[in-house]
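Peer 1: Build me a structure from this.
(4 chains)
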Amino acid sequence: MKKALIIALLAVAAIPLLAAMASMPRFGSPEQPAYTHVASRYLQKGAEEAGADNVVTGVILNYRGFDTNGEVTVIFTACAATAAVLVTSGSRKKEKPGEATVPLSPVVGYVVRLLAPFIALFAFYVVLFGEVSPGGGFQGGTIFAALIIILSVVAGRNVAERVLPARVRPWLQIAGPLSFIAVGTLGAVLTGSYLGFPHARGLLATAMLMGIELGIGIGGATVFASIFWRLGDEP
Amino acid sequence: MKAGQCAALLALFWLVLTGRLDLLPLVAGVLAAVLIAVWATSSLWQRDDPPVLSPAQWLRFIGYTVRLVRDIVAAAIVVAEKVLDPRMPISPVLIVHRAKFDREVSRIALANSITLTPGTLTVDIEGDEFLVHCLNEDFAADIVDGTFDRRIRRVFEEP
Amino acid sequence: MSVWDSIRYAVAAVLMSIGAFFFLVGTLGLLRFPDFYSRTHGATKCDTVGAGSILGGLALLRGFEPDVLKIVAIASLVLLTSPTAGHALARAAYRTGLRPWTRRIEGGGQT
Amino acid sequence: MVVFLWGVAVFLLAVASICLYRAYMGPTALDRVLAVNVIGTKTMVLLVMLAFVFGRPLYIDVALVYALLNFVTTVVATRCFETGVLEGDWQ
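Peer 2: Reported below is the predicted structural model:
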């Protein structure tokens, strides 16, 4: 009975949605408003207005900057909530050295430490060049988080935690939204509107975009690393 | 010195990644390279011997790599024969090989060279003892008679 | 297309075919060998040779471009990480008590 | 040449799917990790080839990421099997 009621309710709710879908322009049809007005403007003026070499970056961070700002805030709130749910009352298990665990293979330890600086630089590259190549803040942050995870597995959590000290970690976790707000405010000071970018693709606009990417990267890396560390805590 | 070599290598890697010589990325990359190098030498390599090589050692290391690649290809063909042989003529053995080195980097290089050479696989290292798994006893000839040890000592332990 | 280009393309094609062959051999080793350790032999080494060979062929195909340096970087990364991963796997198996397979030689005596 | 590249790429895909048999059958968990590692190497090479087929050199960056993450996965998984604890200390 209950199930039937739910199905009936869903069907009723689906009818207006389907009707709305039907009245929309066909997917990919050239008469869509997005293609007639907006896209041509993006493509023609994007490079000079948005201050980004890549049209997609310009759209995401400039034309639709408010949207992205909200998205970043939502995502990082969700991540912080995930990390918070994983917090348990217990503290970290104390692992005494040589306590019935298998010591780490020297080869693995050596090679990982050899590669670590290169992985870090590569993460930085992905963050910074997200503007013109596949990548960006989230992707670079994920690579950096992978580095931190393998360091805490191989070199010990003390070494890995030194990169993201516990004191500043809460601030680093919200570095994404924070840098967005900072850049937005800077734009307000410079151009008079929040998230306004100085026109003409100058050094300053590029630096502002990179600032946002860097903030998202640091925030993402911190959140992922925190979640990983929380998983290792004893309940 | 340690941080200097690391930073130089990282800057080189940055150039390979970006593939262009614009000012802003270059400055950012060199800055990041120096910072990461300082972090690596102070945090990762503070306790033991970092893999710093002198120019002569670098040259010999490149020569060693070329020779190793040749050996690998030659021996990979032998393993391919074994795999493709329907009778699968292998009789695995575990061999304990002793080699004493002054530097950590030599130990690691020997372990990885053994693993790269087809037919042999470093299973474990404890102190000077290398536990090597061989598909056939004759694959281990070069390791047991110390040819590898001598080559690696020449590369990493002579100034 | 100049003579030099055709030679370059031919060598690249040969290198890539060799690489594909070694990938196939590594996979057959992964399937056919009797125990974990020998499978690691087949897999890690033939894969290193196969990857190196195909990447070399692709670099040759590309010619003198900055991208080639990136391919060289990937190849050296594989040359460093592949044996390390193989060793890590074998060591984990050894430390958790997996015994290597050995051929049983039938001797005399009672059964 | 592009046809040849496609051929090699499809061949690699086929070989990688054969490896799935080992990943499925085991018998030990480490066999599965090994199979995944092998598939990862092939995927990495495949990405570089796709960079050539589609004429987009940027895929090479993706291949570099894949090579790195493949290594990280294997090391973390083996470490987990060895100790059951995801924490380490170098010697």
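
Peer 1: Do the one helix or strand B:Arg154 maps to and chain C come into contact?
Peer 2: Element membership for B:Arg154 (DSSP states H and E) is helix B:147-156. No. Helix B:147-156 stays clear of chain C (Cβ under 8 Å from any Cβ of the partner chain), getting no nearer than 13.5 Å. Placement of C-beta: from N, CA and C, glycine included.

Peer 1: That helix: how far from the chain's middle?
Peer 2: 12 Å (Cα atoms, centre = their mean, to the nearest Å).

Peer 1: can you list contacts of that helix?
Peer 2: Helix B:147-156 has contacts (Cβ atoms under 8 Å, 6 or more residues apart in numbering or on different chains) with B:53, B:57, B:60-61, B:63-64, B:67, B:99, B:101, B:103, B:105-106, B:109-110, B:113-114, B:142.

Peer 1: repeat that for 7 Å
Peer 2: B:57, B:60-61, B:64, B:99, B:103, B:105-106, B:109-110, B:113-114, B:142 (Cβ atoms under 7 Å, 6 or more residues apart in numbering or on different chains).

Peer 1: for the record, mean pLDDT for that helix?
Peer 2: Helix B:147-156 shows a mean pLDDT of 82.

Peer 1: Distance check, the closest residue to A:Phe138 other than its chain neighbours against A:Leu164.
Peer 2: For A:Phe138, ignoring the flanking residues on the chain, the nearest one in space by Cβ to Cβ, 6 or more residues apart in numbering or on different chains is A:Gly220 at 5.2 Å. A:Gly220 sits at a distance of 12 Å from A:Leu164 (criterion: Cβ to Cβ, to the nearest Å).

Peer 1: Among the two, which residue is more densely surrounded?
Peer 2: Looking at A:Gly220 and A:Leu164 with other Cβ atoms under 10 Å in any protein chain shown, you find the greater number of neighbours at A:Gly220, namely 28 against 20.

Peer 1: how close does that one get to C:Ala92?
Peer 2: Taken as Cβ to Cβ, the span from A:Gly220 to C:Ala92 is 30 Å.

Peer 1: With C:Leu58 instead?
Peer 2: 33 Å.

Peer 1: wait, what's in contact with the spatially most central residue of chain D?
Peer 2: For chain D, the residue nearest the mean C-alpha position is D:Gly40 (0.4 Å; Cα atoms, centre = their mean). Applying Cβ under 7 Å, 6+ apart, we find D:Gly40 in contact with D:Tyr66, D:Asn70.

Peer 1: where does it land in three-state SS?
Peer 2: Under DSSP: H, G, I helix; E, B strand; the rest coil, D:Gly40 falls in the helix class.

Peer 1: Among the contacts of helix B:147-156, the buried ones, what's the PyMOL command?
Peer 2: Those of these that count as buried under 16 or more other Cβ atoms under 10 Å in any protein chain shown are selected in PyMOL with:
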select buried, chain B and resi 57+60+61+64+99+105+106+109+110+113+114+142
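
Peer 1: So what's the residue count around A:Phe221?
Peer 2: Residue A:221: Ala, not Phe. 28.

Peer 1: so how far is A:Ser226 from the most centrally placed residue in chain A?
Peer 2: Nearest residue to the geometric centre of chain A (Cα atoms, centre = their mean): A:Phe138, 3.4 Å. Shown here: A:Phe138 relative to A:Ser226, a distance of 16 Å by Cβ to Cβ.

Peer 1: export the host helix or strand of A:Ala19 as CSV, just CAs?
Peer 2: Element membership of A:Ala19 [criterion: DSSP H and E] is helix A:2-23. The C-alpha coordinates for helix A:2-23 follow below in CSV (Å, rounded to 0.1, in the frame of the first residue of the first chain):
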residue,chain,number,x,y,z
LYS,A,2,2.7,2.4,1.1
LYS,A,3,4.8,1.4,-1.9
ALA,A,4,2.0,2.0,-4.3
LEU,A,5,1.3,5.4,-2.8
ILE,A,6,5.0,6.4,-3.3
ILE,A,7,4.9,5.2,-6.9
ALA,A,8,1.7,7.2,-7.5
LEU,A,9,3.2,10.3,-5.9
LEU,A,10,6.4,10.0,-8.0
ALA,A,11,4.4,9.5,-11.2
VAL,A,12,2.4,12.7,-10.4
ALA,A,13,5.6,14.6,-9.7
ALA,A,14,7.1,13.3,-12.9
ILE,A,15,4.4,14.5,-15.2
PRO,A,16,5.2,18.3,-15.0
LEU,A,17,8.9,17.6,-15.1
LEU,A,18,8.5,15.5,-18.3
ALA,A,19,6.2,18.2,-19.8
ALA,A,20,8.8,20.8,-19.0
MET,A,21,11.5,18.6,-20.6
ALA,A,22,9.4,18.2,-23.7
SER,A,23,9.0,22.0,-24.2
